[in-house]
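> the following comprises the amino acid sequence and a computationally predicted model.
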Amino acid sequence: MIHIKLFEQFKNSRLTEKININDVAIFPGRFQPFHNGHIAALKKTSMTFGVPVIPIQILSVRDESPFPPELLNKIGKAVQNEFSSWMADYFLYPQDRKTVIPQMVQFLRDKDYYPIAMGAGSDRIKSYESQVKYLNSDKSDVPMNQQFKLEMVDERIVDGPSGTKVREAIQNNDYELFKTLVPKSVHKFYNDLKKYL
């Protein structure tokens, strides 16, 4: 009887060791702004790895990235709130850090999350493979206690939503089209986005 109890305690402790409530997957992107294609990829990332996902918004100075960080942060928080059942959080990635996967993993660890995996679009998967290989190696400056995984979670759909289509809808004063391309939480930011296009 004692042995059975001890085995049950051991088994339960092993189960709790495997399930870390802070385990998350990440999905980096520019999200200029968030559209329904992003949401589908983010949800698939969460489903693929069985943990909540965190979008990490990379700030860049490009024509396709016209919106200020303050507005992007408000939109990101609104999107996270809309999909909080499978989206753990949202972060703007600091511009003073290298935009490489090991640094993103460390950035989230500093916020008490433990990234175990990453989803990427078909256009980015190749460029991330070498970074993930490094992260999983003995040479990594961000040690992992399990293999960090990388999966492609979307493929470009020819007529699907895109940041370009969303920005064009805003420039063309087409609020109805805009609403079909972005999640509900982004609808209220139409006029704010319009100021920068």
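Sure, I can see it.
> name the next helix or strand downstream of the lowest-mean-pLDDT helix or strand in the chain, please.
Least confident element among the helices and strands of the chain, by mean pLDDT, DSSP states H and E: helix 2-18 (a mean of 42). Next along the chain after helix 2-18, taking DSSP states H and E as the criterion, comes strand 23-29.
> so after that following strand, what's the next helix or strand?
helix 36-49.
> against which helices or strands is that next one packed?
strand 23-29, strand 53-57, strand 114-121, strand 149-154 (3 or more C-beta pairs under 8 Å, 6 or more residues apart in numbering; DSSP states H and E). The C-beta positions use only the backbone N, C-alpha and C, and glycine is treated the same way.
> in the sheet, who's paired with the residue nearest the centre of the chain?
Of all residues in the chain, the one closest to the mean position by C-alpha atoms, centre = their mean is residue 55, 2.2 Å from it. Per DSSP bridges, the residues bridged to residue 55 are residue 27.
> hmm, it is touching residue 75, no?
No: using C-beta atoms under 8 Å as the test, residue 55 is too far from residue 75 to be in contact (10.8 Å).
> what residues are up against residue 82?
By C-beta atoms under 8 Å, 6 or more residues apart in numbering, the contact set of residue 82 is 183, 184, 185.
> please repeat the previous calculation with a cut-off of 10 Å.
34, 39, 183, 184, 185, 186 (C-beta atoms under 10 Å, 6 or more residues apart in numbering).
> for the second one, what are its contacts?
To tie it back to what came earlier, the one meant is residue 39. Contact partners of residue 39, counting by C-beta under 10 Å, 6+ apart, are 55, 79, 82, 83, 87, 161, 182, 183, 185, 186.
> 6 Å instead, please
Neighbouring residues of residue 39 by C-beta atoms under 6 Å, 6 or more residues apart in numbering: residue 183.
> next, work out how far apart it and residue 72 are.
Residue 39 is 16 Å from residue 72, where distance means C-beta to C-beta, to the nearest Å.
> list the contacts of stretch 65-72.
30, 32, 57, 92, 192, 196.
> ends of that stretch, how far apart?
End-to-end distance for stretch 65-72: 10 Å, by C-alpha to C-alpha, to the nearest Å.
> return the distance of that stretch from the chain's centre.
Mean C-alpha position of stretch 65-72 versus that of the full chain (C-alpha atoms, centre = their mean, to the nearest Å) differs by 17 Å.
> mind picking the two most distant members of the contacts of residue 82?
For the contacts of residue 82, the farthest-apart pair by C-beta to C-beta is 34 and 184; their separation is 11.1 Å.
> these two: which is more packed in?
Counted by other C-beta atoms under 10 Å, residue 34 and residue 184 do not tie: residue 34 has more neighbours, with 29 against 10.
> how much space separates the residue nearest to that one when sequence neighbours are not counted from residue 66?
Of all residues not flanking residue 34 in the chain, residue 79 sits nearest, at 5.0 Å (C-beta to C-beta, 6 or more residues apart in numbering). Distance from residue 79 to residue 66, counting by C-beta to C-beta: 18 Å.
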